[in-house]
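**Student:** Task: produce atomic coordinates for the following.
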Amino acid sequence: MQSDLPGVWSAYGVLSQYLRKRAGLSQQQLGEAIGYSLEQVASVEQGRRPAKAAFTAAAERVLQAGGVLEALQDEVDRAKLPRFFQNVALLEAEALSRFSYDPLLIPGLLQTEAYAQALLEAHFPPLDEEVVEQRVAARLARQALLSRKNPPVVFVFIVEEGALRRFVGSSAVMQRQLEHLLTSARFRNIELQVMPAARGVHSGLNGPMVLLESMDRGRHVYVDAQGLVSVRSDEDEVSEFWLRYGMLRTQALSTEESSRLIERMAGEL
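**Tutor:** This next block holds a predicted model:
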């Protein structure tokens, strides 16, 4: 329903419509100028669908918008995420460091488009195709955090070996995904460690976790299970998670050992 759509999409639409009319263009003319159909331009202006970054970049140029549409793009992208995750995405956007442990799946920040698509298509109850498209786009947009500068974010990803061996999509999808992990692990601000299946019992068996340190040095932890997110910032609670995560890092394979294991796994596909 229209009333269920994010308000920022409507705000973006109203602003883009104003800029288009100021430029003396019809929806058809704007669409032709930026490479979008009349229906797509109309949907964005009516707030029925979110503008993609490419739409915004082209509209900024053609409408001489002066950056006002680009200023809304992050909020437009964030609103594509499930509501339960949007506040967490805000914390991520302000993070100086992000440490995570993922026992079941490759973390969203490291997923390829094809892997994310296959995951969301497996959601039950089934998601509408447009919702799948929006959530894939939002997941990929979040990945801009990996290359953020001034200040950069320090990442540590600990992923269970079983998550890397879980087939999501086809063999080609998994091979490309494993290769993408190896590429990501070469960035200086990213460390990727694999928790080997042979480890057995370790300090992460209570489930996934993400630890965040903000620019003002505040510390937060969030856990996500079955779409239910819990965020904690109490100093004592958070301290326990940081201690637990420190132990996890000693129990997982080193970054070099992890890369060699992923290379072998990719070669087996």
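**Student:** mind showing which ranges of the stretch 1-150 of the chain have poor pLDDT?
**Tutor:** Across the stretch 1-150 of the chain, the ranges flagged by pLDDT under 70 are 1-3.
**Student:** For it, which segments count as strands?
**Tutor:** With DSSP state E, counting those that start in this stretch, the ranges of strands along the stretch 1-150 of the chain come out as 95-102.
**Student:** now the stretch 151-269 of the chain
**Tutor:** Remark: strands of the stretch 151-269 of the chain, listed N- to C-terminal, are 154-160, 190-195, 209-214, 219-225, 228-232; assignment by DSSP E, counting those that start in this stretch.
**Student:** relative to strand 219-225, how tilted is the shortest one?
**Tutor:** This means strand 228-232. Computed with axes from the mean of the first three to the mean of the last three CA atoms, to 10 degrees, the direction of strand 228-232 lies at 160 degrees from that of strand 219-225.
**Student:** Using CSV, list the CA coordinates for strand 228-232.
**Tutor:** What follows is strand 228-232, C-alpha atoms only, in CSV (Å, rounded to 0.1, in the frame of the first residue of the first chain):
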residue,chain,number,x,y,z
LEU,A,228,14.8,-10.0,15.3
VAL,A,229,17.6,-7.5,16.1
SER,A,230,18.8,-6.7,19.5
VAL,A,231,21.2,-3.7,20.0
ARG,A,232,23.1,-3.3,23.3
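**Student:** Neighbouring strands of it in the sheet, and parallel or not?
**Tutor:** Neighbouring strands of strand 228-232 in its sheet, by DSSP bridges, are strand 219-225 (antiparallel).
**Student:** List the contacts of the partner strand.
**Tutor:** Outside of strand 219-225, the residues within contact range by CB atoms under 8 Å, 6 or more residues apart in numbering are 85, 88, 91, 207-214, 229-233, 235, 237-238, 241-242. (Each C-beta comes from the backbone N, C-alpha and C, glycine too.)
**Student:** Can you mark which positions in it are buried?
**Tutor:** Residues 219-224 are the ones in strand 219-225 that count as buried (16 or more other CB atoms under 10 Å).
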